Each structure stands twice: as C-alpha cells, then as structure tokens.
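Student: What shape does this take:
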Amino acid sequence: MILLLGTALFIGVFACRALIRAEREDRPEVAVGALVVAILVEAVLYQSEHLVPRGIFRPAFAGQSFRLPEIVIGAALTCRVLVHGGPRRLSPPALAWTLFLVWYALQAVLGRLLGNPLSDVLFQVKAVVYLGGAIALVSAVPARRLVSADVLRRVAIGFGGVVAVLIPLSLASRSFALSLPGAQISQLGRIGADSASIFVVAGVLIGVVELARTRPRNLVLAATLPLLAAPFAITQRGAVVGLAASGAVLAYAATTRTWHVRNLPTASQMGLAVLGLLALGSLSFLQDADEPDAVDPVTAFYDDAFESTGKQQSAQTRLFLWDEAHRLWQERPVLGAGLGKQFTIKRAATQEDWVAGGFHNLGYDLLVRSGVVGLVLFTVAMGLSLRDGLRAWREHLDHRIAALALAAMAAAAGLLAKGMVESVLEKAKLATLLGVCVGIMLTAWRSTREREQVAEDGADLAVAARPIGR
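Tutor: Numbers count the residues shown, from 1 in each chain. Okay, the predicted model is just below:
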C-alpha cells in the first residue's frame, strides 16, 4: 500500500509539472490529449466502469474513490488557472452551460436537505466535473491545434489496431485476467457497451477530420474502421443506436452543398467506406453461420440485440423505470427532487425489488433531479452549442476545422441518442466525451469568428493605406 501511494504521488507530481510546463509553453492541447488517451486506455482495459477496482485507475482518498477523467480534468484545470488565471469572458453557450452546471450542483444541496443518501448525491454531482470540466478544458484550445496535432494519427493507428484485436476476442467471448501493480484487470479482451460507444466517438472525430485533409492518409482511415465497427462486437442496443445516430447526422451532411464545398468524399467513396465497415461488422454475423439451425445472420444479430428474451426483459425494466420517473417528477415538477434520489422498482426478469438512482434516460434523469428548470437549461445550452457547431461547419475557412465541428455534432448526437436508454451523466467517460464534443463545437466557432475579425482588420488596414487622390 505504501509503495502504491508513493508511486501514485510520484506520477501525480510528474504529471502536474508536465501540465504546468505545457500551459506556460502555450500548449493547452497537451491536457486534452492526456484526457482522451486516458479514457481510451481505460476503455480498452476494462469492459465496464463497475469492473475498475481501486488502484491506479480508481484511487481512493478519505473513503471516496475517484475516476481517471475527474483526476485528469481537475489537475489540468488547476494548472491552467495557476498559469493563466480564470476565463475573462463567456460566450452565450458557455454562459448557458455555466448556468446549467450551477443549477445542477445546487441540486446536491437540495438532495441532502430532502434526505437523499450522501453517497448517491456525491456520485451524481460528479457530472459537473465530467461535463463542465471537459467543456472548459477543450473550448480553451485553439481549434487549429486540435486538427494539426500528429497525435490524431498516432491515436487512430494505435487504438484502431488494438480494437481490431479486441473485436474477434469479444465475438469469441474470450478474455484474460491480468494482474499489474495497482491495477487488477479481470476481463481484458472484451469490449463493453460503453467502450464501444467511446471507440465510435474516437472513430468519428478522427475519421471525418482525416477525410477533410487535402490528401487523406489511407492508414489512418483504415485504422478508424475497427473503432466504428466496435458496436457490432456486442449485442447492446445503446451502442448500436448511438452509432446509427452519428451515421444519420453524417449521411444528412453528405447531401448538403457544404459537404461538396469542403471537398469531402463523394457518395461512391462513402459507400466503399460503409462496405468496409460492414465487412468488419459481418464478423459478428458469421459467428452463428455454422449453426445448423441458424437463421439469416443479420436477423440473428438484430434478434440478439433487440428481440431476445433478455433484451425484452431489459426493455420492460426500463419502462418500469420511466413510469417511476414520471411519478416522481410530478411530485416536484419545477425544482426536482435533488441529486441522489433513490427509488424501488421490480426487475422484469426476476420480479425482485431493485433499488436504483438512475432512470436510463437522460431526460428523466434531469427532470427528476433538477426539474423542468434543469432540463430547459440543459436543452438551451446544448442547442446553443450545436448552433455554434453548425455555423463553424458552414462558415469556417479551414476545411479540417469545419469537419471537426461536424464530427463533434455527429458524435454528440450519438451520445445523446445512447442517453435515451442509458444514464450517461452517471458514466464518467461518456459524460466527459460529451463535454469534449461540446468544447470542440465552441472552439471551432470561436476560431471562425477570430478569422473573420482578422480578415476585417486586414481590410481596414488596406483601406487606410491607400493614398488619397487629389
């Protein structure tokens, strides 16, 4: 234990010194890269957040355990404030997010006043750190740094290759136990429901930006295919729904004039990419092809993901959750019941009582915990962010930054779609990635405005320099 604490302290001091140095050298993208890589590493090693034991990836202090994203975000923002101070002004979306996060944090106080368990209150209020911290961290990075950093290529090739190995292992239900100092890994090799969504977000962000380059690198594009195909390795509806939502946004964008102005791939080229993705996804279909009584493989995959007995029971349990959420919301519709509200429902599979704190639906989570006020504030903040992302996609002069804004909108749509059947705010990595996507939209639009201002200033100087005629 003493050795573990000493190692953690050494790593923490070294990381903080590196972050402070990066901030002083005007390299804020280093902190963002560290955050994203940390999320991807944990997604590879652990199938679920519930499987992360206390140790390096989940240190504990004073009886409380901390997730990797909140540690990285907290350290990065602290170093940034020490070097540069706090923000000088807030854009309308940033102000809207601040109002929502403050309101959501105040629900922790309300929850305690109403007698909600302290452990549940503290667990749910961490969404302020995940979502708000990621927005603050990413939105302060110049957009050009996010698309020009060579780390994108390395992340795509590195994690794309890893996921390409994980997909057949997951299909074969193979996993391995690995014991490292401070990190016990029980199911290495399995892709989880949340991990699949994380890989899709990474694949969308990297792949779309790469397509917008003058000369896309084939190796990077090939490496994003396993990331996008990860949901096919598991029969989990949330991950598939998220992938479909992201794909729908990109498919619609491909029909617009802006897509063609950006010199992005044609419909035939996109079709080839989809075929490559389906080729990887077909691995999940082939696993049942040798069965004597196997039905059509696509139908089998659909049945496993949506129509199996277990999935139907899970869906019924969600209906119980949503009915209970509606009842609780009607009790306190405006202000909500505060964070940490517990309730009891019946599990459809066993008919046993289940004490829960989340409703597997982002809308109901917000309504019950923060009332109509909280849901409206969240909707306004997200709407303003998507507006900024859409503006950057349409107006930015740099095709890569415009593509990054589009990718962030598509990835956010996937996470929000998954949030309709999962409690996204309670999952550290997913909530953080949603904040990363929002931060990208904000910095992309700010970059657009800054370029416009530079152009206007240049035009004014040119006019002022003209000689006055007689």
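Student: My read is that Pro171 contacts Ala230, right?
Tutor: No, residue 171 isn't Pro; it's Leu. No. Here Leu171 lies out of contact with Ala230, judged by C-beta atoms under 8 Å, at a distance of 11.3 Å. Using the backbone N, CA and C atoms, a C-beta is placed for each residue, glycine as well.
Student: If you count surrounding residues, which of the two has more?
Tutor: Ala230 (28 against 17; other C-beta atoms under 10 Å).
Student: so what's the more buried one up against?
Tutor: 163, 166-167, 191, 195-196, 199-200, 203, 239 (C-beta atoms under 8 Å, 6 or more residues apart in numbering).
Student: Output the residues you listed as TSV; include the columns distance to Ala412.
Tutor: Output for those, formatted as TSV (distance: C-beta to C-beta, whole Å):
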residue	distance to Ala412
Val163	21
Leu166	25
Ile167	25
Ile191	22
Ser195	18
Ala196	17
Phe199	16
Val200	12
Gly203	14
Ala239	16
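Student: what sits against Cys437?
Tutor: 201, 408-409, 411-412, 415.
Student: what are the phi and psi angles of Pro117?
Tutor: With angles defined as degrees, to the nearest 10, Pro117 sits at phi -60, psi 140.
Student: my guess is it contacts Gly340, does it?
Tutor: Yes. Here Pro117 reaches Gly340: they are 5.5 Å apart, a contact under C-beta under 8 Å.
Student: Looking at these two, which one has more neighbours?
Tutor: Neighbours per residue (other C-beta under 10 Å) separate Pro117 from Gly340, with Gly340 holding more: 24 against 14.
Student: Who are the contact partners of that one?
Tutor: Gly340 touches 108, 111-112, 116-124, 357, counting by C-beta under 8 Å, 6+ apart.
Student: So which residues of this protein form strands?
Tutor: Taking DSSP state E, the strands of the chain run over residues 60-61, 64-65, 176-180, 183-188, 343-346, 353-356.
Student: buried stuff in the fourth one?
Tutor: Neighbour-count burial for strand 183-188, counted by 16 or more other C-beta atoms under 10 Å, picks out 185, 187-188.
Student: mind checking which of the strands of the chain is nearest Ile157?
Tutor: strand 183-188 (20.6 Å; C-beta to C-beta).
Student: what about that closest one, average pLDDT?
Tutor: Strand 183-188 shows a mean pLDDT of 84.
Student: Now do that strand: which elements does it pack against?
Tutor: helix 29-45, strand 176-180 (3 or more C-beta pairs under 8 Å, 6 or more residues apart in numbering; DSSP states H and E).
Student: can you rerun that using 7 Å?
Tutor: strand 176-180 (3 or more C-beta pairs under 7 Å, 6 or more residues apart in numbering; DSSP states H and E).
Student: Neighbouring strands of the strand it packs on in the sheet, and parallel or not?
Tutor: strand 183-188 (antiparallel) (DSSP bridges).
Student: Give me the residues contacting the strand it pairs with.
Tutor: The set of residues external to strand 183-188 that reach it, using C-beta atoms under 7 Å, 6 or more residues apart in numbering, is 45-47, 51, 53, 55-57, 175-178.
Student: okay, the angle between it and helix 29-45?
Tutor: 50 degrees (axes from the mean of the first three to the mean of the last three C-alpha atoms, to 10 degrees).
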